[in-house]
Structures are given as C-alpha cells and as structure tokens.
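return atomic coordinates for the entry below.
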Amino acid sequence: QEQLVESGGGLVQPGGSLRLSCAASGFPLDYRQIGWFRQAPGKDREAVACISTIDGSTYYNASAKGRFTISRDNAENTVYLQMNSLKPEDTAVYYCASRVSGGEYDYWGQGTQVTVSS
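All right, here's what the predicted structure looks like:
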C-alpha cells in the first residue's frame with residue numbers, strides 16, 4: 001500500500017525543537033518533490049518547506065526560513081523537518097505530501113499535531 005506516515009509531533013515549549021518524520025512506503029521518493037504543510041485551526045493550509053529528490057533543492061516559507069530544515073534520508077525513504085526556535089504560532093497539524101515535479105501533490109500523510117505552548 002502506497003502511503004506517507006508522519007511522526008514526531010508533540011507538545012513543546014516556546015524556543016524548543018522537534019523533528020518531524022515523513023516515511024514513505026509502497027513507493028520510492030525518487031524523482032519527486034516532498035513538501036511539509038501545516039494547518040492551524042481556522043486558518044488555511046500553508047506550505048512550510050519542500051525538497052526535490054531530483055536535485056536536492058529546497059524551499060522554505062518566510063516563517064520557516066532560518067528556523068526549519070528539510071532533509072532526506074535515501075536509505076530510509078524518509079524526509080525530515082527539523083524545527084528549531086519554535087513559536088506558539090507554529091502550532092498546527094503538520095502534513096507531508098509528495099508529487100511528481102510540476103504535478104499535483106498526490107500522496108498525503110495523515111498529519112501530526114505540533115503544539116507550542118508554555
């Protein structure tokens with residue numbers, strides 16, 4: 001079965017760190033783009049970061065730049081999102097998704113909750 005499974009969410013204090021994982025099963029992440037998205041209550045889903053497995057290029061939105069790092073482990077067929085200096089406004093459900101370059105995101109994970117609160 002082809003699927004993406006996120007893990008690593010949780011409750012963290014402001015200024016803390018979390019590492020989210022997005023593990024793919026049933027299909028390789030080669031030649032695809034993998035993105036991390038988030039959706040907070042009452043807000044639209046937004047793209048946070050993405051990585052191309054073709055050339056390794058990355059994208060970060062303005063909020064994530066300088067604090068988050070997206071990376072890939074080829075052997076584990078997994079993409080990570082290292083989140084540092086977390087803020088309460090980072091609180092959201094985080095999803096990973098995959099697409100063929102230039103196409104629509106066609107595989108989505110179930111989401112993992114990240115809560116930043118003291």
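
now do the contacts for the most centrally placed residue in the chain.
Closest to where the C-alpha atoms of the chain average out (C-alpha atoms, centre = their mean) is residue 36, at 2.8 Å. Counting by C-beta atoms under 8 Å, 6 or more residues apart in numbering, residue 36 touches 20, 22, 47-50, 70, 79, 81, 94-96. Quick note: C-beta positions are derived from backbone N, CA and C, even for glycine.

who wins on neighbours among those residues?
Ranked by neighbour count (other C-beta atoms under 10 Å), the contacts of residue 36 have residue 96 at the top, with 31 neighbours.

what about the residue lying closest to that residue once chain neighbours are set aside, distance to residue 54?
Closest residue to residue 96 apart from its sequence neighbours, by C-beta to C-beta, 6 or more residues apart in numbering: residue 22 at 3.4 Å. Counting by C-beta to C-beta, to the nearest Å, the gap from residue 22 to residue 54 is 17 Å.

could you do residue 60 as well?
Per C-beta to C-beta, residue 60 is found 18 Å from residue 54.

which of the two has more residues huddled nearby?
Taking other C-beta under 10 Å, residue 60 and residue 54 do not tie; residue 60 has more neighbours (17 against 11).
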